[in-house]
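S.K.: sequence and predicted structure, then a few things I'm wondering about:
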Amino acid sequence: MKKIFVLLLLTIPFITFAQSKRAFKKEIKKFRKHYKQEFLEEARSPFYNNKKGMKNMRFYKPKREYKLKANFRRTPNAETFKMATYSGKTQDYVLYGVATVMLHGKKLEVNIYQSLRLRDMEEYKDHLFIPFKDLTNDDITYGGGRYMDMKMSDIKNGTVTIDFNRCYNPWCAFSDGYNCPVPPNENHFDLEIEAGEKMFAGKH
C-alpha cells in the first residue's frame, strides 16, 4: 500500500503539469480564434467577410517559455509624444509603464503605451499597447514588427504577465492603406522572439 501511495505522490506533479500544458494551449487557441473572428467582423479590416483570404496566416506553436511574469513600473509623469506610423502620419501616445522580464538569459524592458485617442473612448479607456521588433523580423516574422495588447486591470500588485504567444501582426502586414504604429526604438529587442504570429504567406 505504501508503494502505491508513493507512486501516486510522484505521479501527481506530472499529471498537474500535463493538465496545465493543455490548458495553456487551449487558451492560446481560443485567443487566436477570437483574433481571426475580429478580422471577419470588422468592416475596416483587410479580411472583412473574407475567410478564404486568411488561410495564409501563420503562427508559431504555443510555447510556455514566452509567457512571462514581469515586474511593472508605472511612469505617471511621462509626457505625450508622437508615435510614427508606416503611412507617415503620427498618433498621440504616452508611456504608461515599463515591464521588466528575463527571456533567454537577457533582461528586457518592455515599454507599454497608452493611446490618447483610445483613452477618451469608453470602450477602450483601459487599453494598453505594446509594439515591438525583434531579430525574427524580415525573416520569419513581419518586418514592421508586431503588437500586443493588454488592459490596466492585467497589472496587479506591481506585476503583469507578458505573453508573446499573443503577439500579432499589424494590418499593414496584409494590405496597404493603414496607419500602423512603428515600434519605438526602446522596444527593439536584440534577440529572437519565436512566438506569436509569423509573416503572412499570402499576397500583400
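M.R.: It's in.
S.K.: which residues are in contact with stretch 179-189?
M.R.: With CB atoms under 8 Å, 6 or more residues apart in numbering as the test, stretch 179-189 has contacts from 83-87, 89, 91, 93, 108-111, 129-135, 144-145, 147, 170-172. The C-beta positions use only the backbone N, C-alpha and C, and glycine is treated the same way.
S.K.: show me where this protein has strands.
M.R.: For the chain, the strands defined by DSSP state E cover 67-74, 81-84, 90-103, 106-115, 127-132, 146-151, 159-163.
S.K.: make a markdown table out of those strands and add mean neighbour count and distance to Asp176.
M.R.: Below are those laid out as a markdown table (neighbours: other CB atoms under 10 Å; distance: least, CB to CB, whole Å):
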| stretch | mean neighbour count | distance to Asp176 |
| --- | --- | --- |
| strand 67-74 | 15 | 33 |
| strand 81-84 | 15 | 17 |
| strand 90-103 | 18 | 18 |
| strand 106-115 | 18 | 22 |
| strand 127-132 | 20 | 19 |
| strand 146-151 | 18 | 18 |
| strand 159-163 | 19 | 29 |
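S.K.: who wins for proximity to Tyr35 among those?
M.R.: Nearest to Tyr35, of all those, is strand 146-151, at 10.1 Å by CB to CB.
S.K.: tilt between that closest one and strand 127-132?
M.R.: 160 degrees (axes from the mean of the first three to the mean of the last three CA atoms, to 10 degrees).
S.K.: quick one: contacts of strand 146-151?
M.R.: Contacts for strand 146-151 (CB under 8 Å, 6+ apart): 112, 126-133, 160, 162-164, 166-170, 181, 196-197.
S.K.: one more pass at 10 Å, please.
M.R.: By CB atoms under 10 Å, 6 or more residues apart in numbering, the residues outside strand 146-151 that reach it are 96, 99, 110, 112, 124-134, 136-137, 160-171, 173, 180-181, 183, 193, 195-199.
S.K.: what's the answer for stretch 31-43, then?
M.R.: Contacts of stretch 31-43 (CB under 10 Å, 6+ apart): 45-51, 53-54, 57, 59, 62, 163, 165-166, 168-169, 171, 174, 196-197.
S.K.: again, only using 8 Å
M.R.: Contacts of stretch 31-43 (CB under 8 Å, 6+ apart): 45-51, 54, 57, 59, 165-166, 168.
S.K.: out of these, which are buried?
M.R.: Among those, those scoring as buried are Ser45, Pro46, Phe47, Met54, Met57, Asn165, Arg166, Tyr168 (criterion: 16 or more other CB atoms under 10 Å).
S.K.: I'd like the residues you listed laid out as CSV, including distance to Glu79 and pLDDT.
M.R.: Below are these laid out as CSV (distance: CB to CB, whole Å; pLDDT from 0 to 100):
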residue, distance to Glu79, pLDDT
Ser45, 32, 96
Pro46, 33, 96
Phe47, 37, 95
Met54, 39, 94
Met57, 37, 97
Asn165, 32, 98
Arg166, 29, 98
Tyr168, 28, 98
